[in-house]
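Colleague: the sequence and its predicted three-dimensional model are supplied below.
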Amino acid sequence: MKNTTKTILALLLVATFSAAAAAAAPSKPNFVVILIDDMGYGDIGPYGSQVNRTPHLDRMAAEGLKLTSFYAAPVCTPSRAQMMTGCYAKRVSLPNVIFPSCPIGLSNKEHTVAELLKQQGYATMAIGKWHLGDQPEFLPTRHGFDHYLGLPYSNDMGGGNKPGAKGQGRPPLPLVRDGKVIEAPAVQDTLTARYTAEAVKFITAHQERPFFLYLPHTAVHVPLHPGKDFQGKSANGKYGDWVEEVDWSVGRVLDTLKDLKLDTRTLVLFTSDNGPWLTQGKNGGVAGPLRGGKGSTWEGGMREPTIAWWPGQIKAGSVCDAPLSEIDVLPTLVKLAGGAVPAGQKIDGRDFWPLLAGRSKESPHEALFYFNGNRLEAVRSGPWKLRLNGRQLYHLDNDIGETTDVAAAQPEVVARLQGYVQQMDADLGETGTGPGVRLPGRVAHPQPLRLPGAGEYD
């Protein structure tokens, strides 16, 4: 009888432990957002590259969803502001590139995707290029991220002491951990490998709870710095070397998720912040079939190579052609996490999970807007894109390269799209700022980021 009682008790303990373990297991999905700097629409295999080898991104697309009309911004800071806030950059007063020691940055009154996920119990980390302000108030750890490792701005913004040098008066390029400079100048050839190792470490350390990893690579912005294991290995010079190192990094992240059996509960999104820097020639990327590049509101400047991956939730080998944007990332992730976007502050993004899941083919946007700084330069609705300078109309489904203006033959479409423009102008302002624009963060006396104990740089 005693043995029977012990057996029953043991079984009860096992059942209780199993139930507790099940209750403790994360039920919320994990999120990884990988953002590349200046990568063009035609720079990776899934989008037609024949010169850059990207087997891991090829696999990611084969196992996931390729988005063919995913939009960002013409340049760095606005794109990252949109990713973090779910708003057009003009709405949060970050429509232009921020430089070192700038007095403005991301306002602490804005709700970031990291902040909202943290409220849902997520571990959060940013690894890589931030570019939303380098003052302490603006850094990732003040905007919902538990930890940060990376460059606070672009890798060409480091200073120099030589008379006439670019960046004279700025400190050497700082590598920051949380809020402290740990290396200056940053050893750029090592950055991609270090970011990747940090990402693997973060994922492994937080495998028992939901996490959000934001991985905005320094690559492939000039100056080009592929790691030593990739230098001279591609058929496309230093640019191709760095694209292929980025591909390796993506593979390490995906393989880590699979090895830890986290792949079936993790959404991974790969994209770029803006189009290729065409003026850099062989040191810049290509836009494939698209017109234009970085700094423009032609498709090549804002339409990005984007892949979504979540085995078991996103159909393998699928394609989404609906117009979507990085402003949609915040509301999508927050809703998947069981949260809600706070009322009282308008955002422009929409939940696009129904498209990722294959339950819809329709964009959640009646119209998407192409801003260049404070200027609204174009609008897209369905397949139609209206450029406001000259009132040029393109049917992007039939003319992805924006070669044939059909405005004269489609006056009703032009009028409809102009109506969207009038609505947006009434909200954010035609040239200046409208009633829907919110103030950025601002500090009175910005200071350059330096290694502890370092002196002036001038």
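Modeller: Received the coordinates, thanks.
Colleague: show me the shaky parts of the protein.
Modeller: Along the chain, the model assigns pLDDT under 70 to residues 1-26, 160-169, 453-458.
Colleague: could you chop it up by domain?
Modeller: As given by automatic domain parsing, the domain ranges for the chain are 28-356, 368-442.
Colleague: these: which one's closest to Leu449?
Modeller: domain 28-356 (4.5 Å; Cβ to Cβ). Glycine gets a C-beta too; all of them are placed from N, C-alpha and C.
Colleague: run the chain-centre distance for stretch 211-230.
Modeller: 13 Å (Cα atoms, centre = their mean, to the nearest Å).
Colleague: for that stretch, which positions count as buried?
Modeller: Residues of stretch 211-230 classed as buried: 211-222, 224-227, 230 (neighbour count, 16 or more other Cβ atoms under 10 Å).
Colleague: and the residues you listed, which of them are in strands?
Modeller: 211-216 (DSSP state E).
Colleague: with distance to Asp146 added, can I get the residues you listed in TSV?
Modeller: Formatted as TSV, those follow (distance: Cβ to Cβ, whole Å):
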residue	distance to Asp146
Phe211	9
Phe212	10
Leu213	11
Tyr214	11
Leu215	15
Pro216	16
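Colleague: going by distance to Ala61, which of those wins?
Modeller: Leu215 (18.0 Å).
Colleague: just the CA trace of stretch 261-277, in CSV.
Modeller: Output of stretch 261-277 as CSV, limited to C-alpha atoms (Å, rounded to 0.1, in the frame of the first residue of the first chain):
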residue,chain,number,x,y,z
LYS,A,261,13.7,24.7,-31.4
LEU,A,262,12.5,28.3,-31.4
ASP,A,263,11.9,28.6,-35.2
THR,A,264,8.2,27.6,-35.0
ARG,A,265,7.5,30.4,-32.5
THR,A,266,9.6,33.1,-34.0
LEU,A,267,8.8,35.6,-36.7
VAL,A,268,11.9,36.9,-38.5
LEU,A,269,11.7,39.9,-40.8
PHE,A,270,14.6,40.8,-43.1
THR,A,271,14.6,44.2,-44.9
SER,A,272,16.6,47.3,-45.8
ASP,A,273,16.4,50.9,-44.6
ASN,A,274,16.5,52.6,-48.1
GLY,A,275,17.6,51.9,-51.6
PRO,A,276,21.2,51.5,-52.9
TRP,A,277,23.6,54.3,-52.9
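Colleague: distance to Pro448 added to the domains of the chain, as a markdown table?
Modeller: Output for the domains of the chain, formatted as a markdown table (distance: least, Cβ to Cβ, whole Å):
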| stretch | distance to Pro448 |
| --- | --- |
| domain 28-356 | 5 |
| domain 368-442 | 17 |
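Colleague: just these: most buried one?
Modeller: domain 28-356 (a mean of 21; mean count of other Cβ atoms under 10 Å).
Colleague: what's the first-to-last distance across that one?
Modeller: One end of domain 28-356 to the other measures 17 Å (Cα to Cα, to the nearest Å).
Colleague: same check, this time on stretch 385-392
Modeller: End-to-end for stretch 385-392, by Cα to Cα: 8 Å.
Colleague: identify the residues contacting it?
Modeller: For stretch 385-392, the surrounding residues in contact (Cβ atoms under 8 Å, 6 or more residues apart in numbering) are 297, 299, 376-380, 393-394, 396, 402, 405, 407, 413-414, 417-418, 421.
Colleague: hmm, try it at 10 Å
Modeller: 297-299, 323, 367-368, 370, 375-380, 393-396, 399, 402, 404-408, 410, 413-418, 420-421, 430 (Cβ atoms under 10 Å, 6 or more residues apart in numbering).
Colleague: roughly how far out does that stretch sit from the chain middle?
Modeller: 27 Å.
Colleague: for the ones in strands among the buried residues of stretch 211-230, which one is nearest Gly133?
Modeller: Pro216 (14.3 Å).
Colleague: identify the bridge partners of the closest one.
Modeller: Beta-bridge partners for Pro216, by DSSP bridges, are Leu35.
Colleague: thought it was touching Arg80?
Modeller: Yes. With contact defined as Cβ atoms under 10 Å, Pro216 counts as touching Arg80 (6.9 Å).
Colleague: okay, and the common contacts of the two?
Modeller: 35, 37, 129-131, 273.
Colleague: now those as JSON lines including secondary structure and distance to Gly285?
Modeller: Shown next, in JSON lines, are the shared contacts of Pro216 and Arg80 (DSSP: H, G, I helix; E, B strand; the rest coil; distance: Cβ to Cβ, whole Å):
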{"residue": "Leu35", "secondary structure": "strand", "distance to Gly285": "15"}
{"residue": "Asp37", "secondary structure": "coil", "distance to Gly285": "10"}
{"residue": "Lys129", "secondary structure": "coil", "distance to Gly285": "16"}
{"residue": "Trp130", "secondary structure": "coil", "distance to Gly285": "22"}
{"residue": "His131", "secondary structure": "coil", "distance to Gly285": "18"}
{"residue": "Asp273", "secondary structure": "coil", "distance to Gly285": "12"}
